[in-house]
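Student: structure of the sequence below:
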Amino acid sequence: MLRRTFWFTAGAAAGVWATTKVNRKLRQLTPESLAVQAADKAIETGHKLKDFALDVRESMARREAELGEALGLEAPVAPDLPVRRHFAVEAAEPVGPDRPLEVGNHRKLPYNSYNRNEDH
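Tutor: Predicted structure coming up:
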């Protein structure tokens, strides 16, 4: 009799465990749950891509600085040379002695684009 009680209890416990597992898996496979899982994966992938892009930018800037230093591009410019480095947009002068710069009040300097795809 004790043997039968043991096996009955073991079977009932296995049934409860299996039912719980199946119900949990069914809840994970509902359309709403799948949509939430997909959104979470997309956000996680976006963060990984952003981190990768930031790493690439940092390495690119570091390598550009190394190359500029190796080629002497960062050396001080001799005062007798007529060419100086220009920026595409430079802040304008204050409008008056008591008036600060206004928002969006910039003067544009000569801009030479080195984008090869600009005219294609």
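
Student: so Glu58 versus Gly46, what's the distance?
Tutor: Distance, Glu58 to Gly46, using Cβ to Cβ, to the nearest Å: 19 Å. No exception for glycine: its C-beta is placed from N, CA and C like everyone else's.

Student: any idea how far Gly15 lies from Leu54?
Tutor: Per Cβ to Cβ, Gly15 is found 52 Å from Leu54.

Student: can you report how many residues neighbour Phe52?
Tutor: 10 (other Cβ atoms under 10 Å).

Student: please report phi then psi for it.
Tutor: When read as degrees, to the nearest 10, the backbone of Phe52 gives phi -60, psi -40.

Student: gap between it and Thr30?
Tutor: The gap separating Phe52 from Thr30 is 33 Å, by Cβ to Cβ.

Student: swap in Ala38?
Tutor: The gap separating Ala38 from Thr30 is 13 Å, by Cβ to Cβ.
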